[in-house]
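Enquirer: okay, here's the prediction I keep looking at, along with the sequence it came from:
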Amino acid sequence: MSVNWTLPFDEKIVPEDKRNLLSIDDYHKVHKTSVANYQQFWAGVAQELEWYKPWSRILDDSNPPFYKWFTGGQLNASQLCLDRHFATWRRNKVAMIWEGEPVDKDGPRQVRKLTYGDLYHEVNRIAHVLRENYGIKKGDTIGLYLPMIPEFPMMMLAAARLGACFTVIFSGFSADSLAERLVDADAKLLITADAGLRRGNMIKLKEIADKAVENAPCVEKVIVVKHVGNEVAMDHDRDAFLHDVIRDVPSNVYVEPEKVASEDPLYILHTSGTTGRPKGQVHDVGGYLTLLHATMRWVFDVKDNDVYWCTADIGWVTGHSYIVFGPLMEGVTGVMYEGALDYPEPDRWVSIIERHRVNILYTSPTAIRSFMRNGEDWVKKHDTSTIRLMHSVGEPINPEAFRWMLRHVGRDKVPFGSTWWMTETGGILVSHTPGLYMVPMKPGTNGPAIPGVDADVVDDHGQQQKPLERGYLVIKNPWPGMPLTIHKDPERYKDVYWTRFPGSFYAGDYAVRARISPYPAPGRSGGGGSGSPGRGQGRGPGRLRHTTSRPDFQTRTRKGAAPVGPRTRRTSRQPETDLHRLQASQDEKRQDNAQSSPRRRHRTADRRRDNTRGRGVRRGSTPRLHGTQAGDRCPEPRLILRIGPIHQSRTDSYSG
């Protein structure tokens with residue numbers, strides 16, 4: 001069906017920093033190449049991680065749609081997030097700034113700053129307790145029902161360190177919802193807290209957990225984090241406080257990270273279950289971390305001197321990927337906040353930006369619209385000049401909210417993207433990528449698909465939809481970070497995501513392609529029934545989101561094929577490509593420009609170390625990607641304008 005929106009599809013907004021700006025035509029060329037050789041492309045990205053053992057096969061596609069990435073390889077998520085930083089100067093770098101909700105006349109009453117060294121020691125201590133006191137080992141599953149406190153990511157990293165799987169249950173869920181998810185995941189241990197805080201109210205988590213465990217016989221033991229300090233009932237045969245069981249564990253205890261297979265499960269996360277039984281999405285280790293590594297660099301352009309804040313809750317996939325594993329893997333300083341963004345005053349969120357000098361902000365359109373309702377005067381009270389990049393997530397962003405945020409927080413200067421992804425995808429698949437190449441922004445739209453992801457918009461018969469006509473968003477190739485399966489229900493995984501359009505992943509979202517530019521507009525699609533995933537946080541069929549596709553930017557080897565296994569530091573003997581030469585030229589320019597500023601010198605050094613990121617394209621040249629050769633036959637670009645939910649009631653698609 002044709003759609004006549006008021007969305008400004010012809011409007012183009014260009015950020016003040018144009019160094020990474022790329023023309024649409026050049027962008028198309030790069031993206032087409034990455035999709036044509038997507039396996040080699042993603043292998044090049046994975047080489048940038050540290051592996052205990054190199055993979056023997058990039059993609060095991062012998063049993064579709066149960067794809068497995070980097071089979072034969074071994075690694076550990078906790079090691080990538082902690083150990084490798086602890087061995088460098090980053091051990092003394094602040095990894096996490098945690099702020100609690102309570103305030104007094106002097107500001108927040110609780111602020112904790114934890115270095116990478118602090119996290120390393122605490123995660124080792126917790127892992128020791130889990131292994132020695134509770135017998136947790138590879139193959140076990142731990143349930144986590146916690147508020148937004150530092151112990152939350154510590155528990156996730158400790159489980160990953162042991163090779164155990166974890167399942168997080170959002171702390172706003174009821175006892176019945178908690179029990180249902182614990183049973184589905186076969187969790188033998190539950191970790192919760194006495195209570196959490198929200199808008200000044202106490203949420204008695206231990207009380208809810210006690211009711212849930214009555215209906216979850218798989219749970220044998222419960223660990224309680226003392227956070228608020230309220231009195232809680234304790235079953236002394238089952239329950240124990242964390243501070244009691246960890247008290248005698250030395251601060252320097254070391255638990256060797258388990259060498260897990262790339263395709264082993266890292267966690268199970270259930271969809272919301274608003275339209276049926278919750279689906280336990282099982283995410284692997286190697287593919288998932290590869291996608292997060294790529295998107296933290298491409299989408300968020302993270303640097304060592306950045307302070308990054310994702311305002312989501314760890315109870316959802318956004319928090320898993322972009323509060324815990326993504327930022328920590330990249331060695332970033334992240335902000336974590338427990339509480340409402342407008343409590344006790346509407347400027348709480350912007351005061352956090354000013355207080356902690358936040359550079360990168362990842363928030364939701366819902367939050368932005370609430371900021372708008374409260375008025376710009378609250379923003380003007382604070383300094384937001386440190387913000388250099390913003391993205392939204394969670395639902396379609398309307399043009400008015402986009403313009404308001406860009407004007408009042410971004411000063412009409414910074415890149416501001418709208419990301420699309422969902423619980424199932426593991427990480428961002430559609431977004432502007434200012435850390436690679438930047439195409440012009442369009443209010444209310446999502447931007448391109450990231451490199452290596454072949455997104456398309458199709459009609460009811462699976463044929464490519466005409467530009468500016470609403471169709472269904474599909475992903476036409478496997479990608480790292482995709483689910484292994486639905487826990488205990490592989491047939492449902494096939495039926496929901498892979499049956500409606502055979503050979504393609506059906507996202508359950510509507511989308512619209514642009515006429516000529518890479519900007520999609522997705523929205524949650526309808527149809528109902530088992531064949532319709534319908535997980536979106538949308539506003540119904542009429543709300544679509546705008547997206548575009550982008551390529552992978554790795555360089556090829558001398559013979560044009562990606563090496564199989566861990567990436568080693570580039571040396572002068574390694575092949576030089578157009579992208580490398582361009583980057584070296586730009587690094588030289590940055591070095592010249594950095595002489596007058598210590599901050600610039602730091603950035604320049606960081607970029608020179610991180611020499612796998614393209615920073616632009618020479619006029620008249622076409623960038624070449626990892627694993628590709630000139631003359632490779634590439635598919636036509638599939639460019640999406642706007643993405644939005646099919647089902648109005650679904651709440652766990654993450655398109656912003």
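Expert: Sure, I can see it.
Enquirer: now do the strands in the stretch 251-400 of the chain.
Expert: Applying DSSP state E, counting those that start in this stretch to the stretch 251-400 of the chain gives strands spanning 260-261, 265-270, 280-284, 307-310, 333-337, 360-363, 389-392.
Enquirer: reformat those as JSON lines; add distance to Asn230 and mean neighbour count.
Expert: Glycine gets a C-beta too; all of them are placed from N, C-alpha and C. JSON lines is the format used below for those (distance: least, Cβ to Cβ, whole Å; neighbours: other Cβ atoms under 10 Å):
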{"stretch": "strand 260-261", "distance to Asn230": "37", "mean neighbour count": "23"}
{"stretch": "strand 265-270", "distance to Asn230": "28", "mean neighbour count": "26"}
{"stretch": "strand 280-284", "distance to Asn230": "31", "mean neighbour count": "24"}
{"stretch": "strand 307-310", "distance to Asn230": "28", "mean neighbour count": "22"}
{"stretch": "strand 333-337", "distance to Asn230": "21", "mean neighbour count": "24"}
{"stretch": "strand 360-363", "distance to Asn230": "30", "mean neighbour count": "25"}
{"stretch": "strand 389-392", "distance to Asn230": "35", "mean neighbour count": "24"}
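Enquirer: so what's the closest residue to Lys381 other than its chain neighbours up against?
Expert: Closest residue to Lys381 apart from its sequence neighbours, by Cβ to Cβ, 6 or more residues apart in numbering: Asp347 at 5.8 Å. Neighbour list for Asp347: 374, 378-379, 381-382 [criterion: Cβ atoms under 8 Å, 6 or more residues apart in numbering].
Enquirer: quick one on the thing from earlier: nearest to Phe66, of the strands of the stretch 251-400 of the chain?
Expert: strand 280-284 (10.3 Å; Cβ to Cβ).
Enquirer: now that closest one against strand 265-270, angle please.
Expert: 160 degrees (axes from the mean of the first three to the mean of the last three Cα atoms, to 10 degrees).
Enquirer: can I get the strands of the stretch 251-400 of the chain in CSV with distance to Gly508 and mean pLDDT?
Expert: Below are the strands of the stretch 251-400 of the chain laid out as CSV (distance: least, Cβ to Cβ, whole Å; pLDDT from 0 to 100):
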stretch, distance to Gly508, mean pLDDT
strand 260-261, 30, 98
strand 265-270, 16, 98
strand 280-284, 13, 98
strand 307-310, 24, 98
strand 333-337, 30, 98
strand 360-363, 23, 98
strand 389-392, 20, 97
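Enquirer: and those strands: which comes nearest Trp98?
Expert: The nearest among these, by Cβ to Cβ, is strand 333-337 at 4.8 Å.
Enquirer: pull the residues that contact the closest one.
Expert: Here strand 333-337 has contacts from 93-99, 101, 148, 150, 153, 306-311, 323, 327-328, 352, 356, 358, using Cβ under 8 Å, 6+ apart.
Enquirer: tell me which other helices or strands the lengthiest helix in the chain touches.
Expert: As assigned by DSSP state H, the longest helix anywhere in the chain is helix 116-134. Contacts defined by 3 or more Cβ pairs under 8 Å, 6 or more residues apart in numbering; DSSP states H and E place helix 116-134 against helix 84-86, strand 94-99, helix 151-162, helix 242-246.
Enquirer: ok, residues contacting the helix or strand following the second one?
Expert: Later in the chain than strand 94-99, the nearest helix or strand by DSSP states H and E is strand 103-104. Contacts with strand 103-104, where a contact means Cβ under 8 Å, 6+ apart, come from 109, 344.
Enquirer: check which strands are paired with the helix or strand following strand 103-104 and give the direction for each one.
Expert: Once strand 103-104 ends, the next helix or strand along the chain (criterion: DSSP H and E) is strand 107-108. Partners of strand 107-108 in the sheet, by DSSP bridges, are strand 103-104 (antiparallel).
Enquirer: tell me how far the partner strand lies from the chain's centre.
Expert: The chain centroid and the centroid of strand 103-104 are separated by 32 Å under Cα atoms, centre = their mean, to the nearest Å.
Enquirer: got a pLDDT number for the closest residue to Asn374 other than its chain neighbours?
Expert: Nearest in space to Asn374, with sequence neighbours left out and distances taken as Cβ to Cβ, 6+ apart, is Pro346 at 3.7 Å. Model confidence at Pro346, expressed as pLDDT, equals 97.
Enquirer: same question for Lys29.
Expert: Reported pLDDT for Lys29: 88.
Enquirer: can you give me the buried ones in stretch 378-385?
Expert: 378-379, 382, 384 (16 or more other Cβ atoms under 10 Å).
Enquirer: relative to Trp404, which of those is nearest.
Expert: The closest of those to Trp404 turns out to be Val379 (Cβ to Cβ; 9.4 Å).
Enquirer: the closest one contacts His408, doesn't it?
Expert: Yes - shown here, Val379 and His408 form a contact pair, counting by Cβ atoms under 8 Å, at 4.9 Å.
Enquirer: wait, is Leu484 part of a strand?
Expert: Yes - inclusion of Leu484 in a strand is indicated when DSSP: H, G, I helix; E, B strand; the rest coil is applied.
Enquirer: once you drop chain neighbours, what's closest to it?
Expert: Val282 (4.5 Å).
Enquirer: is that neighbour bridged to anything, and to what?
Expert: Here Val282, judged by DSSP bridges, has bridge partners Ile268, Thr485.
Enquirer: Ile268 versus that one, what's the distance?
Expert: 5 Å (Cβ to Cβ, to the nearest Å).
Enquirer: just Asn252 next, same as before
Expert: Distance, Asn252 to Ile268, using Cβ to Cβ: 32 Å.
Enquirer: contact partners of stretch 386-393?
Expert: Residues contacting stretch 386-393 (Cβ under 8 Å, 6+ apart): 299-301, 307, 312, 318, 353-354, 357-365, 368, 402, 405-406, 409-411, 414-419, 421, 431-432, 434, 654-656.
Enquirer: list buried residues within those residues.
Expert: Buried members of the contacts of stretch 386-393, scored by 16+ other Cβ under 10 Å, are 299-301, 307, 312, 318, 353, 357-365, 368, 402, 405-406, 409-410, 414-419, 421, 431-432, 434, 654-656.
Enquirer: show me the shaky parts of the stretch 301-450 of the chain.
Expert: By pLDDT under 70, the stretch 301-450 of the chain has no low-scoring segment.
Enquirer: ranges for the helices of it?
Expert: Listed in chain order, the helices of the stretch 301-450 of the chain (DSSP state H, counting those that start in this stretch) span 317-319, 326-329, 348-356, 365-374, 377-380, 399-408.
Enquirer: export those helices to CSV and tack on distance to Val260?
Expert: Listed next are those as CSV, based on distance: least, Cβ to Cβ, whole Å:
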stretch, distance to Val260
helix 317-319, 20
helix 326-329, 15
helix 348-356, 34
helix 365-374, 36
helix 377-380, 45
helix 399-408, 40
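Enquirer: out of these, which one sits most buried?
Expert: helix 326-329 (a mean of 26; mean count of other Cβ atoms under 10 Å).
Enquirer: helices or strands up against that helix?
Expert: By 3+ Cβ pairs under 8 Å, 6+ apart, helix 326-329 packs against helix 286-298.
Enquirer: the helix it packs on - contacts with which helices or strands?
Expert: helix 38-46, strand 68-71, helix 326-329.
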